[in-house]
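J.: Sequence and computational prediction follow.
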Amino acid sequence: MEELVWMVFFLAFVVQLTYMLFVFGRLAFFHKRTSSEKLSDSLEGVTVLVAARDELENLQKQLPVLMNQDYPNFEVLYVNDRSRDDSEDWLREQEGTYPNLKTVHVRYTPDHVTSKKYALTLGIKVASHDVILLTDADCVPVSDQWIRRMTAPVRSKNKTFALGHGAYLEQPGLLNKLIQFETLLTALYYISFGLWRAPIMGVGRNLCYRRSFFMEKKAFKGLWHLVGGDDDLFVNKYADKDNTAVVIHPESITVSMPKTSFRDFLIQKKRHFQAGKYYRLKDKLKLGIYTFTHLVFWVSGLALLATQRAWEPIALIFGLVLLRAIVQYAILRNAKMKLEGMGKVLWTMFFDFMYLIYFWTVGTKGYLSKTVKWK
C-alpha cells in the first residue's frame with residue numbers, strides 16, 4: 001500500500017511540474033512582447049459597457065477615469081439595472097457634462113432571463129460601435145491606454161475576443177492576500193491557455209469582443225437561465241484558437257475593490273464555481289487534471305510523512321515539496337510582473353495550501369448549488 005502512495009505522490013508531482021513549466025511557463029518565462037503588440041493605428045470606434053445596480057459610489061469614482069482615456073473615438077455606456085439608489089439621477093446629470101456618455105435604465109427583468117445578462121444585452125443592442133469593451137462598475141483602468149491596449153487585437157488583428165487581466169486592490173489582511181493569490185492563479189490559468197491558442201474563459205472585469213458576433217450568436221442563447229457566465233461561459237462557448245487573443249501589458253489591466261468579508265467573498269466565488277460546471281468537457285479536463293493532482297500531491301505527501309520513520313524518505317518528500325514551491329513562486333512572480341508590472345508575491349506555499357482547502361470546499365458547494373444571485 002505504501003508503494004502505491006509513493007507512486008501516486010511522484011505521479012502528481014510530475015503532472016504539477018509539467019503544467020507549471022510547459023503550460024504556465026509560457027506566460028511566466030517565455031512570453032515576450034513583440035512589435036505586433038504595440039498600440040494599433042486603427043481608430044475604430046469603441047463602446048465601453050458597464051452594467052451596474054446600486055453602484056452610485058463606484059460610478060462616481062469610475063466615470064472620470066473612463067472619460068480620461070487616451071482614445072479619440074469611444075463612448076461610455078452605462079446600463080443602470082433597476083438601481084434603488086440615486087444612480088439614475090446622477091447619470092442623467094453626467095450626460096450633460098460628457099457628450100460621449102450614454103445611459104440605459106432597466107425597469108424590469110423578464111422572468112425567463114437573469115438580470116445581468118439582460119442588462120448587458122440591452123446595452124450591446126444600443127451600442128454605437130461594434131467593438132465592445134466590458135468592465136464592472138467597481139473596476140478602474142490603471143492607465144489611460146486601457147482602451148487602446150485591450151481593443152487592439154479586435155480592431156487590428158481581426159480577432160473576435162480579447163482577454164485581459166482584472167486585478168484587485170491590495171489591502172492589509174489575510175483575506176486580501178488569499179484574493180490576490182486566487183486572482184493571479186486564475187489569470188495564470190486562462191491567459192496561459194490563451195497563449196497556447198486553447199482559450200478556456202475570460203473575466204467580465206476586462207473583456208472585449210465584437211457586437212456583431214454577439215448578435216450573430218443571438219446574445220446569451222443557451223446561457224440565459226444561469227446567473228453567472230455572462231463572461232467566462234460566453235468566452236468558453238465561442239472562443240477558439242483563431243478568434244481569440246490575450247492582452248498582456250501592465251497598461252491593459254483594471255483594478256477592482258476586493259471583498260472585505262469572508263462571507264461576501266465566498267458568495268462571489270460560489271457563483272463563479274457554479275458556472276464552471278458548464279464549461280466544455282475538454283476545458284474541464286485541462287483545469288481538472290491540474291487541480292486534482294494538486295489535491296493528490298498534498299494528500300499523498302502528508303500521508304507519507306505521517307508513516308515515515310527514517311530521515312531519507314522524509315527528506316525526499318520535503319525536497320519535492322520545496323522544489324514545487326520554488327517553481328511555483330518563480331511562475332507566480334514572473335506572471336505578476338508580466339501582467340501587472342510588479343512581481344511581489346509572498347508566502348506562496350502557505351496560500352497554495354489554503355487555496356487547496358478553499359477550492360475543494362467552496363468549489364464543491366458552488367458546483368452543486370442552484371441558488372446564486374448577481375445582486
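T.: Sure thing, it's come through.
J.: Which parts of the stretch 151-300 of the chain are strands?
T.: 161-163, 166-168, 207-210, 244-246, 254-256 (DSSP state E, counting those that start in this stretch).
J.: Let me have these in JSON lines, extended by mean pLDDT.
T.: Output for the strands of the stretch 151-300 of the chain, formatted as JSON lines (pLDDT from 0 to 100):
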{"stretch": "strand 161-163", "mean pLDDT": "98"}
{"stretch": "strand 166-168", "mean pLDDT": "96"}
{"stretch": "strand 207-210", "mean pLDDT": "98"}
{"stretch": "strand 244-246", "mean pLDDT": "97"}
{"stretch": "strand 254-256", "mean pLDDT": "97"}
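J.: Of all those, which one comes closest to residue 69?
T.: strand 254-256 (12.0 Å; Cβ to Cβ). Heads up, the C-betas are built off the backbone N, CA and C, glycines and all.
J.: Which strands and helices lie in contact with the closest one?
T.: Judged by 3 or more Cβ pairs under 8 Å, 6 or more residues apart in numbering; DSSP states H and E, strand 254-256 is in contact with strand 139-141, strand 166-168.
J.: and with 10 Å instead?
T.: In terms of contacts (3 or more Cβ pairs under 10 Å, 6 or more residues apart in numbering; DSSP states H and E), strand 254-256 is packed against helix 56-67, strand 139-141, strand 166-168.
J.: Out of the strands of the stretch 151-300 of the chain, the one nearest residue 231 is which?
T.: Proximity to residue 231 (Cβ to Cβ) singles out strand 207-210 among the strands of the stretch 151-300 of the chain, at 5.6 Å.
J.: Output the contacting helices and strands for the closest one.
T.: In terms of contacts (3+ Cβ pairs under 10 Å, 6+ apart), strand 207-210 is packed against strand 46-52, strand 131-134, helix 146-156, strand 161-163, helix 232-238.
J.: The first one relative to helix 146-156, how many degrees between them?
T.: Translated: strand 46-52. In terms of direction (axes from the mean of the first three to the mean of the last three Cα atoms, to 10 degrees), strand 46-52 departs from helix 146-156 by 120 degrees.
J.: Just checking: what are the partner strands of strand 46-52?
T.: With DSSP bridges as the test, strand 46-52 is paired with strand 74-81 (parallel), strand 131-134 (parallel).
J.: Export those strands as a markdown table, with columns for mean neighbour count, distance to residue 14 and mean pLDDT.
T.: Formatted as a markdown table, the strands paired with strand 46-52 follow (neighbours: other Cβ atoms under 10 Å; distance: least, Cβ to Cβ, whole Å; pLDDT from 0 to 100):
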| stretch | mean neighbour count | distance to residue 14 | mean pLDDT |
| --- | --- | --- | --- |
| strand 74-81 | 24 | 48 | 97 |
| strand 131-134 | 25 | 39 | 98 |
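J.: could those be laid out in a markdown table, adding distance to residue 50?
T.: As requested, those are exported to a markdown table (distance: least, Cβ to Cβ, whole Å):
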| stretch | distance to residue 50 |
| --- | --- |
| strand 74-81 | 5 |
| strand 131-134 | 8 |
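J.: Among the ones you listed, which comes closest to residue 117?
T.: For those, the distance to residue 117 is smallest for strand 74-81, at 10.6 Å, taking Cβ to Cβ.
J.: quick revisit: any chance of the helices and strands packed on strand 254-256 in TSV, plus mean neighbour count?
T.: Listed next are these as TSV, based on neighbours: other Cβ atoms under 10 Å:
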stretch	mean neighbour count
helix 56-67	17
strand 139-141	22
strand 166-168	21
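J.: would JSON lines of those with distance to residue 48 be doable?
T.: Output for those, formatted as JSON lines (distance: least, Cβ to Cβ, whole Å):
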{"stretch": "helix 56-67", "distance to residue 48": "6"}
{"stretch": "strand 139-141", "distance to residue 48": "9"}
{"stretch": "strand 166-168", "distance to residue 48": "14"}
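J.: Residue 13 is nearest to which of those?
T.: Checking the helices and strands packed on strand 254-256 against residue 13 by Cβ to Cβ gives strand 166-168 as the closest, at 30.1 Å.
J.: Please name every helix or strand in contact with that closest one.
T.: strand 139-141, helix 174-195, strand 254-256, helix 311-340.
J.: so the longest one versus helix 174-195, what angle?
T.: I take that to be helix 311-340. Going by the same axes, to 10 degrees, helix 311-340 makes 80 degrees with helix 174-195.
J.: if I read this right, residue 207 contacts residue 160, doesn't it?
T.: No - between residue 207 and residue 160 there is no contact under Cβ atoms under 10 Å: 11.5 Å.
J.: which one of the two has more residues nearby?
T.: Set side by side, residue 207 and residue 160 show unequal neighbour counts under other Cβ atoms under 10 Å, the larger going to residue 207 at 25 against 21.
J.: Could you give the bridge partners of the spatially closest residue to that one that is not a sequence neighbour?
T.: Nearest residue to residue 207, sequence neighbours excluded (Cβ to Cβ, 6 or more residues apart in numbering): residue 134, at 4.6 Å. Here residue 134 sits in beta bridges with residue 49, residue 207, going by DSSP bridges.
J.: which residues does residue 205 contact?
T.: Neighbouring residues of residue 205 by Cβ atoms under 10 Å, 6 or more residues apart in numbering: 134-136, 138-139, 164-168, 183, 231, 253-256.
J.: any idea how far it lies from residue 263?
T.: Here residue 205 is placed at a distance of 21 Å from residue 263 (Cβ to Cβ, to the nearest Å).
J.: about what we covered before: which one of the helices and strands packed on strand 254-256 lies closest to residue 305?
T.: Nearest to residue 305, of all the helices and strands packed on strand 254-256, is strand 166-168, at 34.2 Å by Cβ to Cβ.
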